[in-house]
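Novice: generate a structure from the sequence data that follows.
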Amino acid sequence: MKTFAIATLGCKVNQYDGDDVRRQLKGYGEVDFSDRADLYIVNTCGVTAEAEAKARQLLRRAKRNNPGAFLVLTGCFRPEDRDQLRSLGVDLFVPNAQKARRAELLDDEHAREGADETLGSTKRTRVFIKVQDGCDQHCSYCAIPSFRGALSSRPLDEVVEEVRALGAAGVPEVVLTGIHLGKYGVDLDEPADLAGLVAALLQKTTVPRFRLSSLEPQEVTGDLIELMASERRLAPHLHLPLQSGNDRILAQMNRPYDSAGFKATVSRIDQAVPGIGLTTDVMVGFPGETEAEFVETLTLLESGGLSRLHVFKFSARPGTPAATMPGAVSEAVKSARASRARELGQILLRDYCAGFVDRIVETVPEPPRDGAQTGLTGEYLRVKFNQALAPIGRICQVRVEKSEDGFLLGRVQDG
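Specialist: Here you go, the predicted structure:
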């Protein structure tokens, strides 16, 4: 049997696409990317220069593992980079616009075997389901619209059928994801929106827990908040990208909200769903960002409601408006600001975790790693617990005994 290895970089949508590659290559045997394989696939991300550098490293590693292997690059990459990437040994480029034809492009009969199997066969404790692709936001720093194209939503019934199969296969948690998830349904002939999709999945499938991936703050509707407040199967967690707490910078980024609007959204959600986990993205060092404007971001983050920060340094992406904006911030200043934001993030996470001590949380136990067993709570907190009573892949209750370094530590409850 031929073997393949795949490495996926970037967002949850890319994770879903990576699983789709596995389905299309069912006739191959999968090995670790560090092992020798006949076929290597790098499912890349073009959001940052760091991600692109990582992709190049993976391609070089693949060639070292097996100089005669067939190398495929898919995901988000710039067409103008093909010559450079081809020099690293790439044999086939499969951009996002052609991803549905991966098996055909590979031109191998094994790639078609088992293509109708569901992702439930992976026996994972958490499965990503892509319900939407494409983006029309055009943030000034982001190249994703050029990689992913126009908005494209999957029909509601199609999503329901896929998730129904996952429920029958015993998958305990499904994460609904998309490049611009809040725009789900706007392009469909049959009227649909994200809240309606979630309601249909809750009504028509048996998956024990659903989670939503990143949503733009202004797209968290009243219907969605009501579902989160009333439906136990919908995880009490939302990721709302902020990027900056300064209105001038937000306008330069072409973000469709201001700082007051973000704060109002956080407050509205927090009141309706007390204790919800609200995580966010923060970008530091955007062109022209002053020290005072950065401090405004810290002040907003400290104002309450957030449980975890994902901090990024601005990375100029060729072809985006921000790449040529004046006022470039030095790498030293960007690194210093990122460190300060991450320190604040650690404080927010520590304080949020402390509120769970002596409480019972629900988690999905995962296979042990490094001698410890863990799982994710609905609030997107990692909890460590005793292994004796932890059934892998089934939601169980854990009494939290203490919090430590951003983790919860507890004991699985009988029954």
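Novice: bridging residues for residue 153?
Specialist: When assigned by DSSP bridges, residue 153 has beta-bridge partners residue 132.
Novice: from what I see, it and residue 190 are in contact.
Specialist: No: shown here, residue 153 and residue 190 do not form a contact pair, counting by C-beta atoms under 8 Å, at 10.1 Å. No exception for glycine: its C-beta is placed from N, CA and C like everyone else's.
Novice: quick one, which of the two is more surrounded?
Specialist: With neighbours defined as other C-beta atoms under 10 Å, residue 153 and residue 190 compare such that residue 153 has more, 24 against 8.
Novice: distance of that one relative to residue 308?
Specialist: 28 Å (C-beta to C-beta, to the nearest Å).
Novice: tell me which element the spatially closest residue to residue 167 that is not a sequence neighbour falls in.
Specialist: With C-beta to C-beta, 6 or more residues apart in numbering as the criterion, residue 167 has its nearest non-adjacent residue at 3.9 Å, and that residue is residue 206. Using DSSP states H and E, residue 206 falls within no helix or strand.
Novice: shift numbering so it begins at 19
Specialist: Okay, using 19 as the starting number, the last item reads as residue 224.
Novice: which ones are touching residue 224?
Specialist: Contacts for residue 224 (C-beta atoms under 8 Å, 6 or more residues apart in numbering) come out as 182, 185, 186.
Novice: which secondary structure elements does the helix or strand where the second one lies contact?
Specialist: Secondary structure here is read from DSSP H and E; on that basis residue 185 sits in helix 174-186. Using 3 or more C-beta pairs under 8 Å, 6 or more residues apart in numbering; DSSP states H and E as the contact criterion, the secondary-structure elements in contact with helix 174-186 are strand 145-151, helix 212-222.
Novice: show me how far the helix or strand that comes right after the longest one is from its chain's centre.
Specialist: The helix or strand immediately downstream of helix 212-222 is strand 227-230, counting by DSSP H and E. Here strand 227-230 is found 13 Å from its chain centre; the criterion is C-alpha atoms, centre = their mean, to the nearest Å.
Novice: packing partners for strand 227-230?
Specialist: Secondary-structure packing of strand 227-230 (3+ C-beta pairs under 8 Å, 6+ apart): strand 191-196, helix 212-222, strand 255-257.
Novice: could I get those as TSV with distance to residue 412 and mean neighbour count?
Specialist: Below are the helices and strands packed on strand 227-230 laid out as TSV (distance: least, C-beta to C-beta, whole Å; neighbours: other C-beta atoms under 10 Å):
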stretch	distance to residue 412	mean neighbour count
strand 191-196	11	23
helix 212-222	19	18
strand 255-257	20	22
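Novice: save those as a markdown table, and put in mean pLDDT and distance to residue 337 too.
Specialist: Putting the helices and strands packed on strand 227-230 into a markdown table (pLDDT from 0 to 100; distance: least, C-beta to C-beta, whole Å) gives the following:
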| stretch | mean pLDDT | distance to residue 337 |
| --- | --- | --- |
| strand 191-196 | 92 | 23 |
| helix 212-222 | 97 | 30 |
| strand 255-257 | 95 | 26 |
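Novice: now stretch 79-94, how far from the chain's geometric center?
Specialist: On the basis of C-alpha atoms, centre = their mean, stretch 79-94 is displaced by 24 Å from the centre of the chain it belongs to.
Novice: buried set for it?
Specialist: Residues of stretch 79-94 classed as buried by neighbour count (16 or more other C-beta atoms under 10 Å): 80, 81, 83, 84, 87, 88, 89, 90, 91, 92, 93, 94.
Novice: for this protein, longest helix please?
Specialist: helix 349-372 (DSSP state H).
Novice: show me what that helix is in contact with.
Specialist: If you take C-beta under 8 Å, 6+ apart as the criterion, helix 349-372 is touched by 295, 300, 302-303, 312, 315-316, 319-320, 324-327, 329-332, 399, 421, 424-426.
Novice: list the strands paired with the next helix or strand after that helix, with their directions.
Specialist: Downstream of helix 349-372, the first helix or strand assigned by DSSP H and E is strand 378-383. Strand 378-383 has the following sheet partners, assigned by DSSP bridges: strand 391-395 (antiparallel), strand 414-422 (antiparallel).
Novice: let's have these in a markdown table, adding mean neighbour count and mean pLDDT.
Specialist: Putting the strands paired with strand 378-383 into a markdown table (neighbours: other C-beta atoms under 10 Å; pLDDT from 0 to 100) gives the following:
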| stretch | mean neighbour count | mean pLDDT |
| --- | --- | --- |
| strand 391-395 | 22 | 89 |
| strand 414-422 | 17 | 92 |
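Novice: can you put those strands in JSON lines and add distance to residue 109?
Specialist: JSON lines is the format used below for those (distance: least, C-beta to C-beta, whole Å):
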{"stretch": "strand 391-395", "distance to residue 109": "38"}
{"stretch": "strand 414-422", "distance to residue 109": "46"}
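Novice: and the helices in this protein?
Specialist: Taking DSSP H, the helices of the chain run over residues 30-42, 67-83, 100-104, 120-124, 162-166, 174-186, 212-222, 240-248, 265-271, 277-290, 309-320, 349-372.
Novice: I'd like the distance from the nearest residue to residue 258 once chain neighbours are set aside to residue 221, if you could.
Specialist: Distances taken as C-beta to C-beta, 6+ apart place residue 235 nearest to residue 258, at 4.8 Å, with adjacent residues excluded. Distance of residue 235 to residue 221, computed by C-beta to C-beta: 27 Å.
Novice: repeat that for residue 336.
Specialist: Distance, residue 336 to residue 221, by C-beta to C-beta: 46 Å.
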